[in-house]
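> Coordinates for the following, if possible.
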Amino acid sequence: MEVATATATALVGAVVCYGSLENGIGWTESGPQPGYFPFGIGCLIIVGSLANIVYTLWKSSARTAAAGPAGELAGAEGEPFIDGTRLRQLAAFFLPIVAMAVISAWLGLYIGMALYIFYAMKVSVGFRTVTSLLITAAVVIVNFVIFETIFLVPLLKGPILEYFGIY
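Residues are numbered from 1 along each chain as shown. Predicted coordinates for the structure are as follows:
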């Protein structure tokens, strides 16, 4: 399953790279073309996936070498791929990201980001409310400054920020 998951993420990286090529990945006199940064991210996804595949195969070969005379590993056969505890951990990680994507499409990326970071800091990690709010505000402000003023890349604002005149 680890190899299958790593292969799937490598394919996602390849799709990102392919889409970036359509937008141009070069550098022009005015700066990077639209696909420049996504292409790098796609390449990182592919490299990380390949590293996971190599590590998994290396770990599997070491486990096979350590197998008993019958060639079986104790506990390896018949174990479920994911148990209830791990499924809950996966859901606790994955569902808030899905919620952030849905909220971002509806209310804007900055609002979705703020809600997700606050949730992650307060609920998942357990920071105090004031600390979570301060870190959330700092991350959102830094992202706003980087994308909106430095790179001049407007991100989806949504109706709340537009109501306050932040376009």
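> Can you list the residue ranges for helices in this structure?
Secondary structure of the chain by DSSP state H: the helices cover 2-23, 36-65, 84-107, 109-119, 129-144, 158-163.
> The residue nearest to the spatial centre of the chain and residue 50, how far apart?
In the chain, the residue lying closest to the centroid (C-alpha atoms, centre = their mean) is residue 97, at 8.6 Å. Going from residue 97 to residue 50 by C-beta to C-beta, to the nearest Å gives 24 Å. Backbone N, C-alpha and C define where each C-beta goes, glycine included.
> pretty sure residue 34 contacts residue 24?
Yes. Using C-beta atoms under 8 Å, residue 34 is in contact with residue 24, at 6.3 Å.
> pLDDT value on residue 25, please?
Residue 25 is assigned a pLDDT of 91 by the prediction.
> again, but for residue 11
pLDDT, residue 11: 97.
> What of residue 162?
85.
> Make 33 the first number, not 1, from now on.
Happy to do that; since the first residue is 33 now, the last one works out to residue 194.
> Next, count neighbours for it.
11 (other C-beta atoms under 10 Å).
> what about it, distance to residue 140?
8 Å.
> related to what we said a few turns ago, weakest of the helices of the chain by average pLDDT?
Among those, helix 190-195 scores lowest, at a mean of 86.
> and that helix, what does it pack onto?
helix 116-139, helix 141-151 (3 or more C-beta pairs under 8 Å, 6 or more residues apart in numbering; DSSP states H and E).
> so can I have CSV of the ones you listed showing distance to residue 43?
Listed next are those as CSV, based on distance: least, C-beta to C-beta, whole Å:
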stretch, distance to residue 43
helix 116-139, 19
helix 141-151, 26
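> if you compare the ones you listed, which one is most tucked away?
Comparing the helices and strands packed on helix 190-195 by mean neighbour count (mean count of other C-beta atoms under 10 Å), helix 141-151 comes out on top with a mean of 19.
> Of the helices of the chain, which is nearest residue 62?
helix 68-97 (11.8 Å; C-beta to C-beta).
> Which of the residues in that closest one are classified as buried?
Buried residues in helix 68-97, counted by 16 or more other C-beta atoms under 10 Å: 68, 70, 71, 74, 75, 77, 78, 81, 84, 85, 88.
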